[in-house]
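[1] All I have is the shape, not the residue letters:
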């Protein structure tokens, strides 16, 4: 898929939480085709300590308003600078990068999308695309507390939403792999993104049930095009660059101990 280097204009910067912002960007020309699971490399201007672009998952593409959304967790100086962006600011991005989640051959209501923390970001666009194909996905979203559960209303637009929080402040208490929905529905496909321990646990569950499962890896991706080798993952096909051959991998391709 063709890659673009674009100067995009900030339409809105929404503070969802003390540590998260939703950055909405637009372009004077129609945005290029983007697939769920792909990401962008965003240039950070004005930060003396940030030299590399920041890889951010595509959260949503609003074709009606010609907008692309990025859910950004404010961790270091680079992401905090992006969190300070104001309407009409110009931000340079390279997109779309990486591969995408696979789409089911026929509509299904037994698709499980599992997201943890900021890993919920690509699940929204994936859910929207699945809904367009006649599917009704199930979202299972996990966080530390109710304050860390983001975009629930948007997720509810495309499917059933179930949640877990570690402190029990919203949804079921515990981790996503402990949610009761897993004992009630026989899912036929699982997609997941989040902290690696969570994804490993989800992959272990999927393997034990014989369910096809795809994960979105979050290895450090400095260049986004497979040149710097910072994001290499050991797989059944050898060492692969997550930014180029991924970030989406079937769990059968990964050498995880599951």
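    Sure, I can see it. Quick caveat: nothing in here was measured; it's all calculated off a predicted structure. Numbering: from 1, shown residues only.
[2] From now on I want contacts and neighbour counts done on CA atoms only, so please keep to that.
    Will do.
[3] Report the distance from the longest strand seen in the chain to the chain centre.
    The strand that spans the most residues within the chain, counting by DSSP state E, is strand 4-17. Its chain's C-alpha centre and that of strand 4-17 lie 16 Å apart, by CA atoms, centre = their mean, to the nearest Å.
[4] same thing with stretch 12-22?
    Here stretch 12-22 is found 16 Å from its chain centre; the criterion is CA atoms, centre = their mean.
[5] what residues are up against residue 167?
    Going by CA atoms under 8 Å, 6 or more residues apart in numbering, residue 167 touches 144-145, 173-174.
[6] Surely it is in a helix?
    No - judged by DSSP: H, G, I helix; E, B strand; the rest coil, residue 167 forms no part of a helix; its state is coil.
[7] just to revisit the earlier point, mind putting the contacts of residue 167 in a markdown table, pLDDT included?
    Shown next, in a markdown table, are the contacts of residue 167 (pLDDT from 0 to 100):
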| residue | pLDDT |
| --- | --- |
| 144 | 95 |
| 145 | 96 |
| 173 | 98 |
| 174 | 98 |
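[8] quick check, nearest of those residues to residue 105?
    For those, the closest approach to residue 105 (CA to CA) belongs to residue 174, at 33.3 Å.
[9] What count of nearby residues applies to the nearest residue to that closest one once chain neighbours are set aside?
    In space, and not counting its chain neighbours, residue 174 is closest to residue 166: 4.7 Å by CA to CA, 6 or more residues apart in numbering. Neighbours of residue 166 under the rule other CA atoms under 10 Å: 17.
[10] mind listing what residue 166 touches?
    Residue 166 makes contact with 143-145, 173-175, according to CA under 8 Å, 6+ apart.
[11] farthest residue from the center of the chain?
    The centre of the chain is farthest from one residue, residue 48, which by CA atoms, centre = their mean lies 27.7 Å away.
[12] what about that residue, which SS state?
    coil.
[13] before we move on, back to that, export the contacts of residue 167 as JSON lines, with columns for secondary structure and distance to residue 26.
    Compiled in JSON lines, the contacts of residue 167 are given as follows (DSSP: H, G, I helix; E, B strand; the rest coil; distance: CA to CA, whole Å):
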{"residue": "144", "secondary structure": "coil", "distance to residue 26": "32"}
{"residue": "145", "secondary structure": "coil", "distance to residue 26": "32"}
{"residue": "173", "secondary structure": "strand", "distance to residue 26": "38"}
{"residue": "174", "secondary structure": "coil", "distance to residue 26": "38"}
